[in-house]
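[1] Give me the fold of what follows.
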Amino acid sequence: MRKWLPLTAVCLGAFMLLVDVTIVTVALPDMATDMHSGFAGLQWVMDVYALALAALLLGAGSLADRIGRRRVYLGGLAVFAAASLACGLADGPGTLIAFRAVQGIGGAAMFATTMALLSAAYQGRDRGIAFGVWGAVNGAAAAAGPIIGGLLTEHFGWRWIFFINLPVCALAVLVTLKAVVESRNPHAKGIDLPGMVTFTVGAAAVTYALIRVGENGWTSATTLGLFALAVLSFVGFVVVELRAAHPMLDLSLFRSPVFVAVMAAGLLLSGAAFSYLMYTSLWLQSAEGMSPVGAGLVLVPLSLAAFLVAAVAGRLLHGLSPRLTIGGGLLLIGVGALLQALMLDAGDGWSALVPGLAVTGVGVGMATPALAAAAMGAVAPARAGMAGGALNTARQLGTALGIAVLGAVFHAGLVSGLGDARGARPMADALASGGAGQLLGAAPAGEARQALDHLVDAAFASGLRETFLVSGAMGLVGAALVFALVRGTGRTPAPAGAPAAAGPVVAQSAGDRTPVRP
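    Just a heads-up that it's a prediction; the model follows:
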């Protein structure tokens, strides 16, 4: 059993940081009520964690290569634990958002080193077993997040979704100190700080602009200024990477159409499949009156279908071209979102979403295992780690941008659904912030209450339908790009030992700069 202690240490950290991607979803209404947070604040609670992961994964991998993967992993655990404690004690949305960002920093340090630590700890058949268990744990984290979040929020309060990380971190630190050996890349080069800064500023600016669109409008000076800052920052990132002796991301990788298709697929998959879940949870709890556990159970068909399809069919689909597995998966993700848009109408309940969620989950289970293999198979072996890290970054950036884009769509749909109602925009703000229960509770009984109830149902149906339509379009666009750019029907070989799992974030570690071989 001692042989598997390094795997235990890595899986504890990976499970925890991936659960935190989805565990917050069902706690948002309680957070909004307790902290008097507005809609933008709720978006940032979700977004800032994904942004920090996206911005720092490649940089954290480079740092780990130089100073030691074990050291960076332990540092990430310590930062994650301290930030989780601070999140649980936060007395306002600003404090919570700030420490969610710190959580993301710790998560990036952990996630960027997990695959490299396993690669150093195991050889031969044991390495394949370790990667398989690691992939299964990642998939289980996706399925468990909404349930764990619902149970903790309902029975102990939303702050416990953060406090629960403390004993897990402590156990992970103890096992890591006892069983994990240090490893480095003796050929590691310098850290690309200018690249990290320009990419982070650009991603944060465009996300902030999209989140503020609902309040400021598309043509306001603030919105246009933020978009301009984002463009300048991304241009600066390209210039830095082209001139750097040791770039964070080698832009020559994008000369491969397959690599371009895989990066676009990773970005759009996360945005299309997962980013609308926070708005679904707001509707289920604030308007439908469901408990956090009930809302979490409604979302399980997506993550459970993804986990089962990846686990059962992953090996069968492995022999197919990524054009079919990734493109077909994105097609199903788009169809699943469109199915939810078609089936949901004013007055409908949670059951209208289940078929679409299940179809989306099947698509995620088809596409996700092939993404990492296709990304690394599209580049030279020496760039396999960088390609996997870039895919991780694309996945997290897709989640962050997806939440921001769909938030603007959802809010506009709420306003549209309220029609000519007096105070439509303030009412939409209240509904988007989880205030449906308070609005309905304050209304006098009788016809006025019934009319308001119908109005709230119509608003949420409108907002969610628009959100699902845009999500469906993202999935279909991703599928079209894959079908157009990935040619041939041959199989793309995966690096030996690469995991085939599903979930919001599964890909090769950015910290492992060499191909994984048994």
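
[2] Any idea how many residues pack against Leu439?
    The tally of other residues near Leu439 (other Cβ atoms under 10 Å) stands at 17. All C-beta spots, glycine's among them, are computed from the backbone N, C-alpha and C.

[3] pLDDT at the closest residue in space to it that isn't next to it in sequence, what is it?
    In space, not counting the residues next to it along the chain, Leu439 is nearest to Ala430; the distance is 5.9 Å by Cβ to Cβ, 6 or more residues apart in numbering. Note on Ala430: pLDDT of 85.

[4] can you check Thr489 too?
    Here the pLDDT value assigned to Thr489 is 48.

[5] if we can go back for a sec, tell me the secondary structure at the residue nearest to Leu439.
    helix (DSSP: H, G, I helix; E, B strand; the rest coil).

[6] Tell me how many other residues crowd it.
    So Ala430, with other Cβ under 10 Å, has 20 neighbours.

[7] quick one: contacts for it?
    Ala430 makes contact with 436, 438-439 under the criterion Cβ atoms under 8 Å, 6 or more residues apart in numbering.

[8] low-confidence ranges in the stretch 101-250 of the chain?
    142, 188, 214 (pLDDT under 70).

[9] Which stretches in it count as strands?
    With strands called from DSSP state E, counting those that start in this stretch, the stretch 101-250 of the chain shows none.

[10] just so I have it, where are all the helices in it?
    For the stretch 101-250 of the chain, applying DSSP state H, counting those that start in this stretch gives helices covering 114-121, 124-155, 160-163, 165-179, 193-216, 221-243.

[11] counting contacts, what elements does the fifth one pack onto?
    I take that to be helix 193-216. Applying 3 or more Cβ pairs under 8 Å, 6 or more residues apart in numbering; DSSP states H and E, we find helix 193-216 packed against helix 39-67, helix 221-243, helix 384-418.

[12] Contacts for it, please.
    Residues outside helix 193-216 that contact it (Cβ under 8 Å, 6+ apart): 39-40, 43-44, 47, 51, 54-56, 58-59, 222-223, 226-227, 229-234, 236-237, 240-241, 244, 247-249, 397, 400-401, 404-405, 407-408, 411-412.

[13] Where does the prediction get shaky in the stretch 251-400 of the chain?
    313-319, 382, 384-385.

[14] let's see 80
    Residues of the stretch 251-400 of the chain that meet the criterion pLDDT under 80 lie in 310-320, 369, 372-373, 376-377, 379-388.

[15] picking that back up, need the contacts of Ala430 in CSV (columns: pLDDT).
    Below are the contacts of Ala430 laid out as CSV (pLDDT from 0 to 100):
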residue, pLDDT
Ala436, 79
Gln438, 75
Leu439, 77
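
[16] and the residues you listed as JSON lines, adding distance to Ala108 and secondary structure?
    Below are the contacts of Ala430 laid out as JSON lines (distance: Cβ to Cβ, whole Å; DSSP: H, G, I helix; E, B strand; the rest coil):
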{"residue": "Ala436", "distance to Ala108": "35", "secondary structure": "helix"}
{"residue": "Gln438", "distance to Ala108": "37", "secondary structure": "helix"}
{"residue": "Leu439", "distance to Ala108": "39", "secondary structure": "helix"}
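
[17] nearest to Asn392, of the residues you listed?
    Closest to Asn392 out of these is Ala436 (36.0 Å), distances taken as Cβ to Cβ.

[18] Hmm, Ala287 and the closest one touching each other?
    Yes - look at Ala436 against Ala287 with Cβ atoms under 8 Å: they come within range, at 4.2 Å.

[19] Please enumerate the shared neighbours of these two.
    456, 460.

[20] More neighbours: which of the two?
    Higher neighbour count among Ala436 and Ala287: Ala436, with 26 against 22, using other Cβ under 10 Å.

[21] wait, what's in contact with the more buried one?
    286-287, 430, 456, 460.

[22] report the longest helix in this structure, please.
    helix 447-485 (DSSP state H).

[23] Remind me what it packs against, helices and strands.
    Under the contact criterion of 3+ Cβ pairs under 8 Å, 6+ apart, helix 447-485 touches helix 257-273, helix 277-282, helix 322-343, helix 384-418, helix 424-432, helix 436-442.

[24] will you turn the ones you listed into JSON lines that also has distance to Thr95?
    Output for these, formatted as JSON lines (distance: least, Cβ to Cβ, whole Å):
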{"stretch": "helix 257-273", "distance to Thr95": "27"}
{"stretch": "helix 277-282", "distance to Thr95": "20"}
{"stretch": "helix 322-343", "distance to Thr95": "34"}
{"stretch": "helix 384-418", "distance to Thr95": "20"}
{"stretch": "helix 424-432", "distance to Thr95": "21"}
{"stretch": "helix 436-442", "distance to Thr95": "23"}
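
[25] Which among those is found nearest to Leu469?
    When those are compared (using Cβ to Cβ), the closest one is helix 322-343, at 4.9 Å.

[26] Going C-terminal from the closest one, what's the next secondary structure element?
    Per DSSP states H and E, helix 322-343 leads on to helix 354-377 as the next helix or strand towards the C-terminus.

[27] Can you show me the CA trace of that following helix as CSV?
    Coordinates of each C-alpha in helix 354-377 appear next as CSV, following Å, rounded to 0.1, in the frame of the first residue of the first chain:
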residue,chain,number,x,y,z
VAL,A,354,-32.8,16.4,-17.7
PRO,A,355,-32.8,15.0,-21.3
GLY,A,356,-30.7,17.9,-22.6
LEU,A,357,-28.3,17.7,-19.6
ALA,A,358,-27.8,13.9,-20.3
VAL,A,359,-27.1,14.5,-24.0
THR,A,360,-24.6,17.2,-23.1
GLY,A,361,-22.9,14.8,-20.7
VAL,A,362,-22.6,12.1,-23.4
GLY,A,363,-20.9,14.7,-25.6
VAL,A,364,-18.5,15.7,-22.8
GLY,A,365,-17.7,12.1,-22.2
MET,A,366,-16.9,11.5,-25.9
ALA,A,367,-14.8,14.6,-26.5
THR,A,368,-12.8,15.1,-23.3
PRO,A,369,-10.7,12.0,-23.3
ALA,A,370,-9.6,12.7,-26.9
LEU,A,371,-8.8,16.3,-26.3
ALA,A,372,-5.5,15.8,-24.5
ALA,A,373,-4.4,13.0,-26.7
ALA,A,374,-5.1,15.1,-29.9
ALA,A,375,-3.4,18.2,-28.5
MET,A,376,-0.2,16.3,-27.7
GLY,A,377,-0.4,14.2,-30.8
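
[28] All set, thanks.
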